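**Q** quick one, what's the 3D model for this:
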Amino acid sequence: MIQFLLNHTLKTLDDVDPNTTVLNWLRGSEHHCGSKEGCASGDCGACTVVLGRVDGEKMQYDTANGCITLISQLDGKQLLTVEDLAQGDKLHPVQQAMADCHASQCGFCTPGFVMSGFALQKANSAAQRHDIEKHLAGNLCRCTGYRPIIDAMQQSCVSTPDQFTQTEPQTVERLKSLKHPDVAELLKSNRCLLPKSVAQLAELYLQNPQARLLAGGTDLALTITQQYQTLPLMIALNQVDELKKITVTENQIRIGAMATLQTCQNVLQPLIPAFAQVLDRFASPQIRNHGTLAGNLANASPIGDGAPMLLALGATLELRCGDEIRILSLDEFFLSYRKTALKAGEFISAVLIEREDISPTFSAWKISKRMDDDISTVSGAFNLQLKDGVVATARLAFGGMAAIPARAKRAEQAFIGQPLNEQTLALASEALEQDFQPLSDFRGSGRYRLKVAQNLLKRLVLQHSDKNTALEVQAYVN
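**A** Below is the predicted model:
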């Protein structure tokens, strides 16, 4: 059983297939057809809805892709669609701005833009153009053009009370009072289990190791929407608050397995700026609001954005199976393509980064065809410790260069004990050819990938030797 609010209407569902997406439930069961399906993969944003959750005594509104959000992920939240924004005949300020600025033609994408604009208005009442562009990175328009849409967002990003502002205290109280199943009820279920604690999760997964863990679901849901499979049993983690925490101490950064990518980006910005900068380009806001760093690792994709950075940082994983906890180096986690060292019934509970291992010059770059909302062709992360101008330690890691994300250990050795100059770069670039023999696919040939990786090494040396040269396009192009 799950409970949530559809706008202000309480919904209690106990007979819905957990493989059902929010979009299909809205359109099929509720006849809320404003949200559209364009891609069924979380790329186009036509299906964008807003999920409200309690944050202290306030409501936090985040966009989500309805096409890849599964129905169990609504538990304890408020679901808002484009049908919910107007009050009678009076349009919501975001809707009115879209009309006033002539920001819609065919209208297919418009509801998604409206919902992204609504979330932006709630989050930031004075957004700059760059903020708007980043916030709309997960919404595509084929015919109107983005200038009038951005104009509409600038017009509507003003602090204007609406019906959601007025009813916020009541909404918070209603969401807090929603019922959640207890352990006995969970153990009776055979479709989607909803643990509330890490201990419950560990018990349920140990008893049901064949179950699929549902964290953000931004990749798992594609099994349903793209591969047309039915998942017989899921364990949804959205009620396990313990796993959502990020703890920063003097010595360590501990990232809980359910901490979203957006939360990671916010926390890591002052601690590891280059890491946060790559996360800023991770898919789209809709994905970052719900996808997790631990899920990105557990998927074991060779082009996952998180793994190379964590490998370069020497990160370790806290793994749990029942009552047993073990710490495993990320170097030992990836075994082969899409295969990890996780045992049956074992899951990632946290990602651990030792702060002493973070170089002040840690760098990471993602190479893809688009700046935003795209998959890496090659990504590289570089963690060098220098002493008196000489490389003391080096950890270099790449994604997209092999069947698994991996360190370039021969190139690392070429750097250690050497100054960062052209001669060292030449040796490291040659060593990189021995570290990887990348495959060719539709994103790039093996030859292209190797050249890109070597160019990233050159970029690394340039960054250290000439700090006045702008190496990021954002640094000199508006």
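**Q** the helix or strand where residue 395 lies: how far from the chain's middle?
**A** According to DSSP states H and E, residue 395 maps onto strand 390-399. Mean-position distance between strand 390-399 and its chain equals 26 Å (C-alpha atoms, centre = their mean, to the nearest Å).
**Q** can you tell me which helix in the protein is longest?
**A** Assignment by DSSP state H gives helix 446-465 as the longest helix of the chain.
**Q** rewinding a little: give me the residues contacting the helix or strand just after the strand holding residue 395.
**A** Scanning forward in sequence from strand 390-399 by DSSP H and E, the next helix or strand is strand 406-407. Residues outside strand 406-407 that contact it (C-beta atoms under 8 Å, 6 or more residues apart in numbering): 311, 312, 331, 334, 395, 396, 397, 398, 435, 436. The C-beta positions use only the backbone N, C-alpha and C, and glycine is treated the same way.
**Q** spatially central residue for this structure, please.
**A** By C-alpha atoms, centre = their mean, the chain has its centre lying nearest to residue 288, at 3.2 Å.
**Q** show me what contacts it?
**A** Residue 288 sits in contact with 260, 261, 262, 265, 279, 282, where contact means C-beta under 8 Å, 6+ apart.
**Q** report the buried residues of stretch 361-381.
**A** Judged by neighbour count using 16 or more other C-beta atoms under 10 Å, the buried positions of stretch 361-381 are 361-368, 372-381.
**Q** mind checking what helix or strand follows the helix or strand of the chain with the lowest mean pLDDT in sequence?
**A** Least confident helix or strand, the chain: helix 183-188 with a mean of 54, by mean pLDDT, DSSP states H and E. The first helix or strand that comes after helix 183-188 along the chain, using DSSP H and E, is strand 192-193.
**Q** show me what that next one is packed against.
**A** In terms of contacts (3 or more C-beta pairs under 8 Å, 6 or more residues apart in numbering; DSSP states H and E), strand 192-193 is packed against strand 234-236.
**Q** direction included, what does the strand it packs on pair against?
**A** Paired neighbours of strand 234-236 in the sheet (DSSP bridges): strand 192-193 (parallel), strand 212-214 (parallel).
**Q** picking up where we left off before, of the contacts of strand 406-407, closest to residue 76?
**A** residue 334 (33.7 Å; C-beta to C-beta).
**Q** show me where pLDDT drops low in the stretch 101-250 of the chain?
**A** By pLDDT under 70, the low-scoring segments of the stretch 101-250 of the chain are 125-126, 180-190.
**Q** show me where it has helices.
**A** 110-123, 129-135, 146-156, 163-166, 168-176, 183-188, 198-207, 222-225 (DSSP state H, counting those that start in this stretch).
**Q** what about those, which gets the closest to residue 8?
**A** helix 168-176 (7.3 Å).
**Q** give the other helices and strands that the closest one contacts.
**A** Checked by 3+ C-beta pairs under 8 Å, 6+ apart, helix 168-176 has strand 2-6, strand 48-55, strand 58-65 packed alongside it.
**Q** can I get the ones you listed in CSV including mean pLDDT and distance to residue 83?
**A** Output for the helices and strands packed on helix 168-176, formatted as CSV (pLDDT from 0 to 100; distance: least, C-beta to C-beta, whole Å):
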stretch, mean pLDDT, distance to residue 83
strand 2-6, 96, 10
strand 48-55, 97, 10
strand 58-65, 97, 16
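**Q** okay, those in a markdown table with distance to residue 456 and mean neighbour count next?
**A** As requested, the helices and strands packed on helix 168-176 are arranged in a markdown table below (distance: least, C-beta to C-beta, whole Å; neighbours: other C-beta atoms under 10 Å):
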| stretch | distance to residue 456 | mean neighbour count |
| --- | --- | --- |
| strand 2-6 | 45 | 21 |
| strand 48-55 | 34 | 22 |
| strand 58-65 | 31 | 22 |
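**Q** as a markdown table, these with distance to residue 136 would be great.
**A** Formatted as a markdown table, the helices and strands packed on helix 168-176 follow (distance: least, C-beta to C-beta, whole Å):
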| stretch | distance to residue 136 |
| --- | --- |
| strand 2-6 | 25 |
| strand 48-55 | 10 |
| strand 58-65 | 10 |
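**Q** which among these is found nearest to residue 191?
**A** Smallest distance to residue 191 across those (C-beta to C-beta): 11.2 Å, for strand 2-6.
**Q** so the very next helix or strand once past that closest one versus strand 2-6, what angle?
**A** Using DSSP H and E, the helix or strand that follows strand 2-6 towards the C-terminus is strand 9-13. Here strand 9-13 runs at an angle of 150 degrees relative to strand 2-6 (axes from the mean of the first three to the mean of the last three C-alpha atoms, to 10 degrees).
**Q** looking at the buried residues of stretch 361-381, which are in strands?
**A** In this view, the buried residues of stretch 361-381 that belong to strands under DSSP state E are 363, 364, 365, 366, 367, 378, 379, 380, 381.
**Q** now, among those, which is nearest to residue 3?
**A** residue 366 (39.2 Å).
**Q** and the spatially closest residue to that closest one that is not a sequence neighbour, how close does it get to residue 241?
**A** Of all residues beyond its chain neighbours, the one nearest residue 366 is residue 379 (4.6 Å), with distances taken as C-beta to C-beta, 6 or more residues apart in numbering. For residue 379, the distance to residue 241 equals 31 Å [C-beta to C-beta, to the nearest Å].
**Q** cool, residue 406 as well?
**A** As judged by C-beta to C-beta, residue 406 and residue 241 stand 34 Å apart.
**Q** who's more crowded, the two?
**A** It is residue 406, of residue 406 and residue 241, that has more neighbours when counted by other C-beta atoms under 10 Å, with 20 against 12.
**Q** give me the beta-bridge partners of the more buried one?
**A** On the basis of DSSP bridges, residue 406 is bridged to residue 398.
**Q** which residues sit against stretch 455-469?
**A** In contact with stretch 455-469 (C-beta under 8 Å, 6+ apart) are residues 361, 363, 365, 367, 378, 380, 382, 384, 386, 396, 411, 420-422, 424-425, 428-429, 432, 471.
**Q** the same query, at a cut-off of 6 Å, please.
**A** Applying C-beta atoms under 6 Å, 6 or more residues apart in numbering, the external contacts of stretch 455-469 come out as 363, 365, 380, 382, 420, 425, 428, 429, 471.
**Q** how close does the first one get to residue 290?
**A** Per C-beta to C-beta, residue 363 is found 28 Å from residue 290.
**Q** about what we covered before: now the longest helix of the chain - C-alpha only, PDB.
**A** C-alpha atoms of helix 446-465 as PDB (Å, rounded to 0.1, in the frame of the first residue of the first chain):
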ATOM      1  CA  GLY A 446      38.400   3.500 -30.300                       C
ATOM      2  CA  ARG A 447      41.000   5.700 -32.000                       C
ATOM      3  CA  TYR A 448      39.000   8.800 -31.200                       C
ATOM      4  CA  ARG A 449      38.500   7.800 -27.600                       C
ATOM      5  CA  LEU A 450      42.200   7.200 -27.100                       C
ATOM      6  CA  LYS A 451      43.000  10.600 -28.600                       C
ATOM      7  CA  VAL A 452      40.500  12.300 -26.400                       C
ATOM      8  CA  ALA A 453      41.900  10.700 -23.300                       C
ATOM      9  CA  GLN A 454      45.400  11.800 -24.300                       C
ATOM     10  CA  ASN A 455      44.200  15.300 -24.900                       C
ATOM     11  CA  LEU A 456      42.700  15.300 -21.400                       C
ATOM     12  CA  LEU A 457      46.100  14.500 -20.000                       C
ATOM     13  CA  LYS A 458      47.400  17.500 -22.000                       C
ATOM     14  CA  ARG A 459      44.600  19.600 -20.600                       C
ATOM     15  CA  LEU A 460      45.700  18.500 -17.100                       C
ATOM     16  CA  VAL A 461      49.300  19.600 -17.700                       C
ATOM     17  CA  LEU A 462      48.200  22.900 -19.100                       C
ATOM     18  CA  GLN A 463      45.900  23.600 -16.100                       C
ATOM     19  CA  HIS A 464      48.900  23.100 -13.800                       C
ATOM     20  CA  SER A 465      51.500  25.000 -15.900                       C
END
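**Q** many thanks, have a good one.
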